[in-house]
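Asks: Just to be clear, the model below is a prediction. Sequence and coordinates:
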Amino acid sequence: MSETKRIGVMVGREWSWPPAFIEEVNSRDEGVVAEYVKIGGTPMNGDVPYHVIVDRISHEIPYYRAYLKLAVLQGCYVINNPFMWHADDKFFEASLATKLGIASPRTILLPNHSYIEGVVDESLRNLEFPLNWQAIADYVGMPAILKDAHGGGWKEVYKVDNIDDLIYRYNQSGTLQMILQEFIEWEHYVRCLCIDQTHILPMKYDPKERRYHVEHDHLSPEMGERIVRESRALCQALGYDMNTVEWAIRDGVPYAIDFMNPAPDMDIYSLTPFYFDWAVNAMADMCIKKAKAGQTQAEDFRWARYLDDK
């Protein structure tokens, strides 16, 4: 009898997607079972009983993130890769998009306004001071968007109309790592749910209303093909198996606005029942496939070469 493959789900306050996903996996009779991860007091080099773990909360719980790194070491496939997610930020992503030839708003990385206790003036000798706010504003243009380079869920995001607004908001940012980004006055906004780096669902989204519109013909064939192709390229470059990529379309050009969302909102009331069903099934397809294939991420890291005989 073949071994039953186990998928672990690591979640926070979500109530609709996790049980629907678990039920979907367990109903398929694929020799794969899904369940909530249960951990506590993890020994070094300890066994990890899962073949795949879906992580939707470790960005808020450091213990979970550390456990998931161990899981990768032990051959578990973690969605999303905790090493990449830990290192990623919106400034790197804007630079990566530009390197890939994908339109992205002009972006500037700003020095932190404040620092942890113990950082003194001598620790900051490499920084230019004061900042040339006029040059920064001229590069990005006004109005602009000031936001946390590591943030999500529209937290710590501010539209600034002039340099005075910018400096005021910057002065309130504390130790957050902020970026300033060109404001795209969009005519159409698209949020793509991206699963397994290749399956892309472009959904019409209104950031002002914070809701989706179920309209299947909201993009021309040419624009739809471009957005799918470029969303796929971004997810594959980042290695994210579960993500959303947001596009602001201006003058016929889609700008990649935000594509660091490796724990995208998949609540039924947010997505609508139609898109929710797609998300449940696409995630079940991917996780079952990876569990049965015995796929691992360990080979992506230098330490893997030393583990062959262990």
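Replies: Alright, I've got the coordinates.
Asks: what about the helices in the stretch 201-310 of the chain?
Replies: Taking DSSP state H, counting those that start in this stretch as the criterion, the stretch 201-310 of the chain contains helices spanning 221-238, 268-293.
Asks: Could I get the contacting residues of Ala94?
Replies: Taking Cβ atoms under 8 Å, 6 or more residues apart in numbering as the definition of contact, the neighbours of Ala94 are Ser104, Pro105, Thr107, Ile179, Gln181. Bear in mind the C-beta positions are built from the backbone N, C-alpha and C, glycine included.
Asks: Report the two of these separated the most.
Replies: With distances taken as Cβ to Cβ, the most widely separated pair in these is Ser104 and Ile179, at 11.5 Å.
Asks: Just the closest of the contacts of Ala94 to Ile167, please.
Replies: Distance to Ile167 across the contacts of Ala94 (Cβ to Cβ) is lowest for Ile179, with 15.3 Å.
Asks: follow-up on the earlier one: quick one: which of the helices of the stretch 201-310 of the chain is nearest Val54?
Replies: Between Val54 and the helices of the stretch 201-310 of the chain, the shortest separation by Cβ to Cβ is 6.4 Å, and it involves helix 268-293.
Asks: sorry, back to before: can you put the helices of the stretch 201-310 of the chain in CSV and add mean neighbour count?
Replies: Supplementary listing: the helices of the stretch 201-310 of the chain in CSV, determined by neighbours: other Cβ atoms under 10 Å:
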stretch, mean neighbour count
helix 221-238, 18
helix 268-293, 18
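Asks: looking at the ones you listed, which is closest to Pro111?
Replies: Shortest separation from Pro111 across the helices of the stretch 201-310 of the chain is recorded for helix 221-238, at 25.1 Å, computed as Cβ to Cβ.
Asks: how far is that closest one from where the chain is centred?
Replies: Mean-position distance between helix 221-238 and its chain equals 15 Å (Cα atoms, centre = their mean, to the nearest Å).
Asks: May I have that helix as PDB, with CA atoms only?
Replies: Once non-C-alpha atoms are left out, helix 221-238 reads as follows in PDB (Å, rounded to 0.1, in the frame of the first residue of the first chain):
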ATOM      1  CA  PRO A 221      -7.900  39.600 -26.000                       C
ATOM      2  CA  GLU A 222      -4.600  41.400 -26.500                       C
ATOM      3  CA  MET A 223      -4.600  43.100 -23.100                       C
ATOM      4  CA  GLY A 224      -5.700  39.900 -21.400                       C
ATOM      5  CA  GLU A 225      -2.900  37.900 -23.000                       C
ATOM      6  CA  ARG A 226      -0.300  40.400 -22.100                       C
ATOM      7  CA  ILE A 227      -1.400  40.600 -18.400                       C
ATOM      8  CA  VAL A 228      -1.500  36.800 -18.100                       C
ATOM      9  CA  ARG A 229       1.900  36.500 -19.700                       C
ATOM     10  CA  GLU A 230       3.600  39.200 -17.600                       C
ATOM     11  CA  SER A 231       1.900  38.000 -14.400                       C
ATOM     12  CA  ARG A 232       3.300  34.500 -15.100                       C
ATOM     13  CA  ALA A 233       6.800  35.900 -15.700                       C
ATOM     14  CA  LEU A 234       6.700  37.800 -12.400                       C
ATOM     15  CA  CYS A 235       5.500  34.800 -10.400                       C
ATOM     16  CA  GLN A 236       8.100  32.500 -12.000                       C
ATOM     17  CA  ALA A 237      10.900  35.000 -11.400                       C
ATOM     18  CA  LEU A 238       9.900  35.300  -7.700                       C
END
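Asks: Since that was my last question, I'll sign off now.
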